[in-house]
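Novice: Need the 3D shape of this:
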Amino acid sequence: MRDAGETYLEAGVRFADRTVPLFRQEEGELLALAPVPVNVEPGAHPLAVVDRTGAILHQTQVKVLDAQFPRQNIRATSSMKALQPLPGEMEAMRDLRNTVSSERFWADTLINPVRNCMTSPFGVARYHNGKPTGGYHRGVDLRSPEGRPVRAPAAGIVKIARMFRLHGGTVGLDHGQGVTSSYIHLSKTAVKKGEKVKQGEIVGYVGSTGFSTAPHLHWGLYVHGLPVNPKQWNPAKGWLTPCAR
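Specialist: Residues are numbered from 1 along each chain as shown. Prediction:
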């Protein structure tokens with residue numbers, strides 16, 4: 001969803017059959033975030049700067065590596081499998097992911113919403129009780145005790161702050177220029193829709209609500225509607241460390 005009255009530059013970047021807008025940054029340079037879909041084939045792919053008619057202004061090649069995402073099995077109870085989303089729940093999450101506002105709030109380096117180890121990495125093929133779901137993990141799961149504060153990895157505007165049935169307690173943030181994030185299974189939220197939050201500000205508390213087997217935080221990060229790996233947004237060693245088996 002585009003903010004009312006906002007304007008984009010008359011050029012964009014086309015990659016993997018999607019075109020994303022260019023935004024002018026404070027320093028004057030142009031920036032477009034072109035996410036790589038999880039299911040894109042490894043190899044060389046064209047990336048082009050195009051004008052509003054689709055004419056190519058500049059073109060290059062981007063090499064996509066094979067991420068070799070593993071599989072992961074979730075033991076889902078019958079009550080978990082019976083959960084159905086509230087009316088409008090899935091639509092609200094979809095609208096959050098597709099939010100593109102012109103102002104940039106995020107900084108280049110994100111912080112961890114909770115300082116805990118990772119039980120489920122991004123991109124793993126998900127199985128429920130040994131059977132493939134056909135989907136993959138669109139975020140990271142961080143093991144954390146119930147009630148631990150969840151902090152905003154970057155500044156943004158609160159778009160969702162409510163209890164859902166399937167996602168449980170949910171906070172969704174718009175970080176600007178196509179970057180959004182979500183925090184689900186919360187025991188409770190600490191912000192209201194429409195608030196502006198700073199990096200590090202508490203937005204909710206860890207829980208095990210919705211489709212969840214134990215207290216943890218599911219953190220999803222999206223760029224122009226596509227899920228991306230939060231680990232790539234902070235190069236620090238030891239950040240989002242897998243939990244010891």
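Novice: Would you quantify the distance from the closest residue to residue 103 other than its chain neighbours to residue 221?
Specialist: Once flanking residues are discounted, residue 103 sits nearest to residue 176: 5.0 Å by CB to CB, 6 or more residues apart in numbering. For the C-beta atoms, the positions are set from N, CA and C on the backbone; glycine is no exception. Spatial separation of residue 176 from residue 221 under the definition CB to CB, to the nearest Å is 13 Å.
Novice: Find the residue ranges of the chain scoring beneath the pLDDT cut-off.
Specialist: When the per-residue scores of the chain are filtered using pLDDT under 70, the ranges that remain are 1-10, 245.
Novice: Tell me which helix or strand the residue most central in space within the chain sits in.
Specialist: Taking CA atoms, centre = their mean, the centroid of the chain lies closest to residue 221, which sits 1.5 Å from it. Assigned by DSSP states H and E, residue 221 belongs to strand 216-223.
Novice: so what's the closest residue to residue 139 other than its chain neighbours up against?
Specialist: The spatially closest residue to residue 139, leaving aside those adjacent along the chain, is residue 220, at 3.5 Å (CB to CB, 6+ apart). Contacts were defined as CB atoms under 8 Å, 6 or more residues apart in numbering; by that measure residue 220 touches 138-139, 181-184, 227.
Novice: now those residues as CSV including neighbour count and distance to residue 112?
Specialist: Converted to CSV, the contacts of residue 220 look like this (neighbours: other CB atoms under 10 Å; distance: CB to CB, whole Å):
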residue, neighbour count, distance to residue 112
138, 19, 18
139, 23, 13
181, 27, 12
182, 22, 15
183, 29, 12
184, 27, 16
227, 20, 18
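Novice: Mind telling me the two of those farthest from one another?
Specialist: Pairwise distances across these (CB to CB) peak at 14.0 Å, for the pair 183 and 227.
Novice: rewinding a little: so how far is the strand holding residue 221 off the chain centroid?
Specialist: Offset of strand 216-223 from its chain centre (CA atoms, centre = their mean, to the nearest Å): 5 Å.
Novice: Following the chain past it, name the next helix or strand.
Specialist: Toward the C-terminal end, the helix or strand that comes next after strand 216-223 (DSSP H and E) is strand 226-228.
Novice: Okay, now the sheet partners of that next one, with direction.
Specialist: Strand pairing for strand 226-228, determined by DSSP bridges: strand 216-223 (antiparallel).
Novice: how is this structure carved up into domains?
Specialist: The chain breaks down by automatic domain parsing into domains covering 11-64, 71-233.
Novice: mind listing what's buried in stretch 38-53?
Specialist: 38, 47-50 (16 or more other CB atoms under 10 Å).
Novice: quick one: contacts of it?
Specialist: Outside of stretch 38-53, the residues within contact range by CB under 8 Å, 6+ apart are 10-16, 19, 22, 34, 56-67, 69, 123, 136, 227.
Novice: Give me the distance between the two termini of it.
Specialist: The straight-line separation of the ends of stretch 38-53 (CA to CA, to the nearest Å) is 28 Å.
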